[in-house]
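Q: Any chance you could fold what I've pasted below:
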Amino acid sequence: MPDHCCSSKSTEIEALAQQVEQRRVLIAVLIINAVMFFVEFGAGLTAGSTSLMADATDMLGDALVYGVSLFAISRGNRWKAGAAVFKGCLILLLGISILVNVGIKINSGVPPSSTLMLVFGGIALVANLTCLSLLWRYRRQDVNMASTFECSRNDVISNVGVLIAAGAVVALSSPWPDIVIGGAMAFLILCSAVRVLREAIPQLRAEKARVQ
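A: This next block holds a predicted model:
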């Protein structure tokens with residue numbers, strides 16, 4: 001009996017320690033994304049870059065996503081599945097907003113500043129690679145952390161897209177590389193939203209059914 005109790009207590013302590021570690025990681029990536037939103041969005045406005053503003057908007061969404069993840073981390077599976085559904089809906093709305101931004105850019109037709117795109121796209125890439133490395137070990141832990149990792153991975157891909165767009169703007173002296181990359185980023189975000197919702201909604205329904 002004592003051995004069994006010690007084993008049970010050890011499992012509880014290990015689970016609690018894991019949650020504390022998750023919380024610290026999520027707080028760190030939340031701060032990184034919140035700061036980078038203001039930095040990159042300001043740069044996007046100054047540069048007139050759709051892809052920079054799209055990437056910055058995605059970072060704002062991620063900061064909110066990490067906040068929701070922090071709220072759900074110490075709660076049960078139903079809360080975690082619900083948080084993942086919320087994040088999926090948020091990602092979906094961000095994808096739609098980026099598409100609207102792309103439409104506005106098509107109408108203006110003004111090439112963005114490639115120098116600002118390269119500088120701030122590079123800074124954002126470093127920030128998101130840092131977030132990805134912090135989240136890597138938790139990527140398969142539960143649906144909540146998996147969806148959080150998905151957001152960070154998408155950011156890295158988006159940052160690479162911004163840098164490619166900047167190089168193409170220089171080569172072609174045209175706003176179209178920025179527009180195309182912005183549209184591709186919107187598509188990626190929308191696909192990610194669908195994937196997160198497909199995983200989270202069945203789990204939320206299952207948890208509701210189990211409680212009832």
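Q: From now on I want contacts and neighbour counts done on CA atoms only, so please keep to that.
A: Noted.
Q: pLDDT (mean, whole number) over the strand or helix carrying residue 147?
A: Using DSSP states H and E, the element containing residue 147 is helix 143-172. Mean per-residue pLDDT for helix 143-172: 82.
Q: Would you mind listing the buried residues in that helix?
A: Across helix 143-172, burial judged by 16 or more other Cα atoms under 10 Å covers 143-170.
Q: With stretch 189-205 instead?
A: For stretch 189-205, a neighbour-count test (16+ other Cα under 10 Å) marks 189, 190, 192, 193, 196, 197, 199, 200, 201, 203, 204 as buried.
Q: ok, of these, which one's closest to residue 50?
A: Closest approach between those and residue 50, by Cα to Cα: residue 189, at 14.8 Å.
Q: Isn't the closest one up against residue 93?
A: No: using Cα atoms under 8 Å, residue 189 is not in contact with residue 93; the gap is 9.3 Å.
Q: still on that earlier bit, which element follows the helix holding residue 147 toward the C-terminus?
A: Remark: after helix 143-172, the chain's next helix or strand is helix 176-211, criterion DSSP H and E.
Q: Can you tell me the closest non-neighbouring residue to residue 68?
A: residue 83 (6.2 Å; Cα to Cα, 6 or more residues apart in numbering).
Q: Then residue 132?
A: Residue 132 sits nearest to residue 152 (Cα to Cα, 6+ apart), 5.7 Å away.
Q: now swap in residue 168 and tell me
A: Among residues not flanking residue 168 along the chain, residue 177 sits closest, at 5.8 Å (Cα to Cα, 6+ apart).
Q: Just list the residues touching the one you found, thanks.
A: 165, 166, 168, 169 (Cα atoms under 8 Å, 6 or more residues apart in numbering).
Q: Pipe these into TSV and attach distance to residue 44 per row.
A: Shown next, in TSV, are the contacts of residue 177 (distance: Cα to Cα, whole Å):
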residue	distance to residue 44
165	13
166	12
168	17
169	14
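Q: What is the nearest of these to residue 119?
A: Scanning the contacts of residue 177 for proximity to residue 119, where the rule is Cα to Cα, the winner is residue 166, at 9.6 Å.
Q: Could you tell me how far the closest one is located from residue 42?
A: From residue 166 across to residue 42, the span is 17 Å (Cα to Cα, to the nearest Å).
Q: One more: residue 65?
A: Residue 65 is 21 Å from residue 42, where distance means Cα to Cα.
Q: who's more crowded, the two?
A: residue 65 (25 against 16; other Cα atoms under 10 Å).
Q: hang on, the earlier thing: and the helix holding residue 147, what does it pack onto?
A: Judged by 3 or more Cα pairs under 8 Å, 6 or more residues apart in numbering; DSSP states H and E, helix 143-172 is in contact with helix 50-72, helix 77-108, helix 114-135, helix 176-211.
Q: Tell me the buried residues in the third one?
A: Right, helix 114-135. By 16+ other Cα under 10 Å, the buried positions in helix 114-135 come out as 114, 116-118, 120-122, 124-125, 127-132, 134-135.
Q: now swap in stretch 26-44 and tell me
A: Of the residues in stretch 26-44, 26, 29-30, 32-37, 40-44 count as buried by neighbour count, 16+ other Cα under 10 Å.
Q: With adjacent residues omitted, what lies nearest to the most centrally placed residue in the chain?
A: Central residue of the chain (Cα atoms, centre = their mean): residue 151, 2.7 Å from the mean position. The shortest distance from residue 151 to any non-neighbouring residue, by Cα to Cα, 6+ apart, is to residue 62 (6.5 Å).
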